[in-house]
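> The sequence isn't on hand, but the structure is:
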Ligand code: SAH
Ligand code: SF4
Ligand code: F3S
C-alpha cells in the first residue's frame, strides 16, 4: 500500500513514542502522514486504559470514524495501544467498522498486515511478547527541538490500582548502544533535548548498564544539550542515580516523581513499596544534590478505603514538599487490577470534593513557586513561537517552567539562551533574553 495514514494518539508519552514508531515504519514503506482523517487510507487510534474517562474518549473517537468507512469501504481502521490490549475482541463487537485491534507488542505485525489484503473479519493481535522493544526501528521525531525516546517498556510493579502491568506486560530495557544510536540520530537532525521514557524509567537495567550509567553515556553525546526522563519510581531512586544526575551537566534539574498519596496506609494498600518518610528523604536528597531542582508529581485521591485522615496526610505532604505542579487524578477502578474487587468506599461527590480541595492547594503552591522565580536568570531552550503573539518565543527552563521572551536577533527554535525572569502571567513566566 502506498497512500496516507492518519494517527490519533491518546494516553501518555509512551503512546506518543509508539505512534512515532509506527509512523516511522509506515513511512519507510512509502506511506505518508496526514492530519486530515478524511483523506487517509488507514486510520489508526492509539488508545489508553489508565482511567475510565480515557477509554470513554477513545471509544467516542473510534465510533466517530464510522462515516469514513461508509464513504469509502476500502478505508482501514486500526485500534491499537493499551485499550486494544485490554479489551481485545470486545472492541469490534461494539465497533464493527474496526479492521485491526493491536496491542503494544504487536506493531510489527500491524505494519505487515497493512501492506496485505484487508482482513475479512477483524484481526486481533494481542499476544504479549516479553522481548519486544522495537530495537532497530527509528521512530519519527516529535519536533525539531525536543524528542521522547522509550528506553524501557512494560512494568514489573503491581500497584493495586493500575492497569499498566496488565496491558504493557513485563519490564524490559533496551540496549544502551541502541538508545545512544537513536539519540545521536535525533541530534544529527537538530534535536537539542531528549526525554527518556519508561513506566519506572529509573529501574532501567541491562547486562552492562543501569539508569545511572545510561545517563552518563548520554551526557557524552556531542550536540545534545539537555536530558530529561519520566517517570522515575521512588523505590528505585538511589543515591547512585541522584549522583549521576548531579554530575551530568546535560541532565535537567527537574524530576517528575509520582507520590500517589501522603498516607502510609494508602501507600501500603497501593503497594507502592515506599513510605511517606522515604519519599521525603528522596526529596531532601534531590534538593541537596541538584540546585533549584523542579519537582512535580502524580497524586490519586479517593482510593479504596481513603479516610479523611489519609487524605489530610496527602495535603500535608503536598504542602511539605511544595511541588511545582502535579497531575491529580480521582481514583478510577480498573477491571483486572487487584483493587477492583474491593469496589469503592467513596461516592463520586466525595472523590470530586477531595480532588478539588487538593487542586486548589496545589494551584496556590504552583503560583507561589513561579512567583519566587522572579529576578532569577535561567537558561531556556526555545521551542516555538508563541501562538498568541508571533513576536514572542516560548521556551523552558531546565526545571521545566515555561518562559515567554520577546523576539530578539539570533533567537529561534532550538536556541539556548539566558533569560531574566520578570513576572508570572497565569502559569507561565515572562522574561527577557540576555544576549551576551
Ligand atoms: N508509571 C508511572 C505512572 C503511570 S500512570 C508511575 O508509577 O509513576 C500515570 C498516573 O496515572 C499514575 O501515576 C497515577 O497517578 C495515575 N493512575 C494510574 N492508575 C489510576 C487509576 N486507576 N485511577 C486514577 N489514577 C490512576
Ligand atoms: Fe502503574 Fe505502578 Fe507500574 Fe506506575 S509503577 S505503571 S503506577 S503499576
Ligand atoms: Fe495509558 Fe497505556 Fe500510557 S494505559 S497512561 S497509554 S501506558
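On my side now, so go ahead. As the structure is a computational prediction, the values presented were derived from the model and not from experiment. Ligands and ions are numbered 1, 2, ... in the order given.

> tell me which residues of the helix or strand hosting residue 243 are tucked away?
Using DSSP states H and E, the element containing residue 243 is helix 239-247. Neighbour-count burial for helix 239-247, with 16 or more other C-beta atoms under 10 Å as criterion, is recorded at 241-242, 244-246. For glycine as for every other residue, the C-beta is placed from the backbone atoms N, C-alpha and C.

> which one of these sits closest to residue 39?
Nearest to residue 39 among those, counting by C-beta to C-beta, is residue 245 at 45.3 Å.

> Identify the residues contacting that closest one.
215, 251, 255, 289-290 (C-beta atoms under 8 Å, 6 or more residues apart in numbering).

> which among the residues you listed gets closest to residue 68?
Closest approach between the contacts of residue 245 and residue 68, by C-beta to C-beta: residue 255, at 42.6 Å.

> Show me what the lengthiest helix in the chain is packed up against.
Counting residues, the longest helix in the chain under DSSP state H turns out to be helix 348-371. Packed against helix 348-371 by the contact rule (3 or more C-beta pairs under 8 Å, 6 or more residues apart in numbering; DSSP states H and E) you find strand 294-301, helix 308-321, strand 325-330, strand 416-425.

> what about it and ligand 1, touching?
No - using C-beta under 6 Å from any ligand atom, we find that helix 348-371 stays clear of ligand 1, coming within 9.9 Å at best.

> mind listing what the residue nearest to residue 415 when sequence neighbours are not counted touches?
Counting by C-beta to C-beta, 6 or more residues apart in numbering, residue 382 is the residue found nearest to residue 415 once chain neighbours are left out, at 4.6 Å. Counting by C-beta under 8 Å, 6+ apart, residue 382 touches 145, 393-395, 405, 411-417.

> Kindly state the beta-bridge partners for residue 382.
residue 395 (DSSP bridges).

> Could you report the separation of it from residue 181?
Residue 382 sits 27 Å away from residue 181, going by C-beta to C-beta, to the nearest Å.

> Which pLDDT does the model give the spatially most central residue of the chain?
Nearest residue to the geometric centre of the chain (C-alpha atoms, centre = their mean): residue 13, 3.1 Å. What the model reports as pLDDT for residue 13 is 96.

> show me what contacts it?
Listed by C-beta under 8 Å, 6+ apart, the contact partners of residue 13 are 148, 195, 197, 230.

> now with 10 Å?
Shown in contact with residue 13 (C-beta atoms under 10 Å, 6 or more residues apart in numbering): 142, 148-150, 195, 197, 230-231.

> next one: residue 98
If you count contacts by C-beta under 10 Å, 6+ apart, residue 98 has them with 43, 45, 62-63, 65-66, 69, 76-79, 84, 91-92, 122-124.

> And it, which helix or strand is it part of?
Short version, using DSSP H and E: residue 98 is in no helix or strand.

> Grab the nearest non-local neighbour of it.
Excluding the flanking residues, the one nearest residue 98 by C-beta to C-beta, 6+ apart is residue 92, at 4.5 Å.

> Kindly provide the distance from the one you found to ligand 2.
Remark: distance between residue 92 and ligand 2 (C-beta to the nearest ligand atom, to the nearest Å) = 27 Å.

> Now do that residue, the pLDDT please.
On pLDDT, residue 92 comes in at 95.

> Now do the contacts for it.
Residue 92 makes contact with 77, 79, 98-101, 121-124, according to C-beta under 10 Å, 6+ apart.

> Secondary structure of it: a helix, I assume?
Yes - using DSSP: H, G, I helix; E, B strand; the rest coil, the assignment for residue 92 is a helix.

> Would you mind measuring from it to residue 46?
17 Å.

> quick one: low-confidence parts of this structure?
Applying pLDDT under 70 to the chain flags residues 1-2, 436.

> Try it again at 90.
Counting by pLDDT under 90, the ranges of the chain that qualify are 1-2, 94, 136, 138, 142-144, 387-390, 409-410, 435-436.

> Close to ligand 2: what parts of it are there?
So the chain meets ligand 2 at 155, 157, 159, 162, 164-165, 199-200, 233 (C-beta under 6 Å from any ligand atom).

> Of those residues, grab the buried ones for ChimeraX.
One line in ChimeraX is enough to select the buried ones among the residues of the chain next to ligand 2; burial here means 16+ other C-beta under 10 Å:
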select :155,157,159,162,164,165,199,200,233
